[in-house]
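# compute the structure for the input listed below.
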Amino acid sequence: MASLLNTLMVLMNYAGGQQVNGVTYFTPLDQVTAKVELVIPAENLVEEFHVTYDRALNLVKYEYSLDPKVPPFKTAHTFKSICDYNTGLAYHMDQSTGTCVVNAFDGNADNSTTTSTRSLLKMLAPEQLFSVKSMMKFINKDKARGINSDSWSLDVSNFYISGYGAVKTRQTLHTLSLNTTKFYRGTARPAIILQRSIAVLDGRANASTTPVVVLNYFDFFSPATPQIFDFNILSCQPSTSPATSSRGGGQAAEAREEIQLKFSGRLPAAGYSEGEGVEVTTFRRQAWMEFARAAGVSPLRSIGNFWSHDDWNTYFTTVLLPSSPANGSAGTAVQRTADAVEELSEAVEAGGVTVVSGGVTLVAVDLRRNVSLMSSTKGEKAVDVFAVYKAHTTIVGMGVRATVQKLSTKQCTERCHRENSFVCQSAATCGYGDCILSALHGDELLKPSESGASLLANHSHCAVWSRVWTNEYVRVTASVFPEMEPEMTADFAEKEETCAKQCSFPSEEGTDCESFTWCPRASLTPGTKRSPCSLYKHHVFDLSPATAPVDGASTDVLTNSQTLCHYYTRNYLIDFEVLENTALADQQLFETMDVEIRQDFNGGWLCAKACIEKLGDENCHSIEICRDDESYKNRCRISAAFVPLGKRDGAASDRLNLTLPQSDCRVHSSKGSNKFDLQNNFDFDVILTSMCNLINNLDLVK
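Model prediction:
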């Protein structure tokens, strides 16, 4: 009521001399950002600072670029300084060089008589910048910087000024007139300071009403709902910890701790889409403060502050930074990481960590330390043989074959790709480093388990990736083949990749699959018995000319909507690397056959197929394809010897001994062989001899 009466008096333009309480006139603001122009007339100094203040976190950040003559930096680099009022430590970060200086600062007055960066920042302490704790005397309505304003006069004791220390001051304050129209981002516009002129009245020889400091305020902003401001001091942390701490008599060095708190329940408005609403931002900020309080550390040591949720719980994941080797202004050591984690764990066990957001109270029920925000890379892609199957989803229950922690998206899919204890078909990657591996592929995870339980669950910051198998096949035509009976069907398949996987890994033992047809479910005629996924034992090269597909033509009686069907046949060349304009040199190492060129095929597929069928996957190491334009046939030669394409010592000379330049030929060398070539040093002549013996024992039909 008092604040309202004071405001009404000002609006009614009471006569000069009206007293107004600054505490009630200036509503305390939890969060403020502003650009402040600091003028020291006696030193001809004008500097600009961008200030970010969070009252609840007790942190303030200054961003500035000081004039080269101002010590101690003597540089025009852009700086960021964060003052932690919880510990009395200041972090000064050079944005250009990445260097950081940490020192204690004294929030109380000192009698420094020099202008330094430290004292300039002290002058801009948030309590001096954004609040008034004394009575203000209304002067008149005026203009400041051409803006309608209310002018005030006030005397403030113990006000810190650079070069003077804590002194008694007389200040002239210009505030934005409350009846002035101004665009403001917020629902309730607070009193906004436009200018603050400060004169010293402490009996000094130069005491006068002439201001020694002038502060001009621009871009003042106080959010109507809480926001997460950036107070990151990661650049002040060493990339590697020393063997022992510089404090505590040689104690073991501290490491970063990555911690996740699980809160029972979820926010009412939280969904599974990109972005976050007010509820989520409020939860993140409140959880950040609760984490710091329960751990006994400053919020400054908690970075990342990652939020996620599923259908049952809400999660807060953060990185707890090691304590600074410097002590705060009080001279007390800062809480070490191990002690902080122990205190936090005890608080969680006692049910003492709670967050209120969206009208609900969430209680932390569990603490995990095997998570990682530092290893997760936002926007990082999986390895090429994986594709996103379902976003905002994770694998649960019987769908889980193995779980690994602290992996990024790429690391997780690589782990799945090289898994040798089972064939890993899918991986769920989460923003806090969880990696969940499964032997089930894509649509197989949609099917309930034998007990009826779901194998997939909603999760805001996880995604399921499944192996790409269509790259092992070539799409031949847009036709399906009624003359051919499929070996089996996969009616549950919803995606093309699932159909390809069923062909590569048939669910029925003894079933061979060389090709498949895929028809999107929407393209099938209602009531048709045709399956969206049909698997065949025939390769395209096994088909008679009457049955063989012709690209763009249909051999089936289909409606127009069914022409979306595709026919895939196995690509045997996928495991080979090509060396163009090259032929094989040693005639004794290879067997030769003629390959008829069929339509747009160049013979490479059929040659690779014959090599694998005759020699087997383990022994088919190289093939040669040469064009014969007169007979319209390709000459195909296959061998158990291999042409090294790797970079090991001697690989180039071995390659020269086995090949020769020839413009109408090309050589395909097995990728598996070249991996062996890269990883091993071996006697090439001995292996070559053994390959010759194997070739001589083959009965290859030409």
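# from here on, just use CA atoms for contacts and neighbour counts.
OK.
# tell me where the model's unsure across the stretch 401-550 of the chain.
By pLDDT under 70, the weakly predicted segments of the stretch 401-550 of the chain are 477-483, 510, 525, 527-528, 543-550.
# can you list the residue ranges for helices in it?
With helices called from DSSP state H, counting those that start in this stretch, the stretch 401-550 of the chain shows them at 409-418, 496-504.
# also the chain?
Along the chain, counting by DSSP state H, helices occupy 2-11, 22-25, 117-123, 126-130, 278-295, 337-349, 409-418, 496-504, 604-615, 651-658, 671-679, 684-696.
# would JSON lines of the helices of the stretch 401-550 of the chain with mean neighbour count be doable?
JSON lines is the format used below for the helices of the stretch 401-550 of the chain (neighbours: other C-alpha atoms under 10 Å):
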{"stretch": "helix 409-418", "mean neighbour count": "21"}
{"stretch": "helix 496-504", "mean neighbour count": "24"}
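# so which of the ones you listed is nearest Ser264?
Of all the helices of the stretch 401-550 of the chain, the one in closest proximity to Ser264, counting by C-alpha to C-alpha, is helix 409-418 (26.7 Å).
# pull the CA atoms of that closest one into CSV?
This file holds the C-alpha atoms of helix 409-418, laid out as CSV (Å, rounded to 0.1, in the frame of the first residue of the first chain):
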residue,chain,number,x,y,z
THR,A,409,25.6,-40.8,-30.0
LYS,A,410,28.4,-41.7,-32.4
GLN,A,411,30.2,-43.7,-29.7
CYS,A,412,27.1,-45.6,-28.9
THR,A,413,26.2,-46.6,-32.5
GLU,A,414,29.9,-47.5,-33.1
ARG,A,415,29.7,-49.8,-30.0
CYS,A,416,26.6,-51.4,-31.4
HIS,A,417,28.2,-51.8,-34.8
ARG,A,418,31.3,-53.6,-33.4
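# isn't Phe159 up against Ala166?
Yes: the pair formed by Phe159 and Ala166 meets the contact definition of C-alpha atoms under 8 Å, at 5.0 Å.
# low pLDDT regions in the stretch 51-200 of the chain?
Segments of the stretch 51-200 of the chain classed as low confidence (criterion: pLDDT under 70) are 66-77, 106-119, 178-190.
# so which of the helices of the stretch 401-550 of the chain comes closest to Val132?
For Val132, the closest of the helices of the stretch 401-550 of the chain is helix 409-418, at 51.0 Å, according to C-alpha to C-alpha.
# which helices and strands sit right next to the longest strand belonging to the chain?
Within the chain, and with DSSP state E defining each element, the longest strand by residue count is strand 147-161. Using 3 or more C-alpha pairs under 8 Å, 6 or more residues apart in numbering; DSSP states H and E as the contact test, the elements touching strand 147-161 are helix 117-123, strand 135-144, strand 165-176.
# ok, now with 10 Å
Here strand 147-161 touches strand 19-21, helix 117-123, strand 135-144, strand 165-176, strand 193-200, going by 3 or more C-alpha pairs under 10 Å, 6 or more residues apart in numbering; DSSP states H and E.
# partner strands of the shortest one, parallel or antiparallel?
Taking DSSP bridges as the criterion, strand 19-21 sits next to strand 135-144 (antiparallel) in its sheet.
# buried stuff in the partner strand?
Of the residues in strand 135-144, those buried under the neighbour-count criterion (16 or more other C-alpha atoms under 10 Å) are Met135, Met136, Lys137, Phe138, Ile139, Asn140, Lys141, Lys143, Ala144.
# which of the residues in stretch 93-102 are classified as buried?
Result for stretch 93-102 [16+ other C-alpha under 10 Å]: buried residues Met93, Asp94, Gln95, Cys100, Val102.
# any figure for the gap between the closest residue to the last one other than its chain neighbours and Thr27?
Leaving aside its chain neighbours, Val102 sits nearest to Tyr91 (4.7 Å; criterion: C-alpha to C-alpha, 6 or more residues apart in numbering). Per C-alpha to C-alpha, to the nearest Å, Tyr91 is found 29 Å from Thr27.
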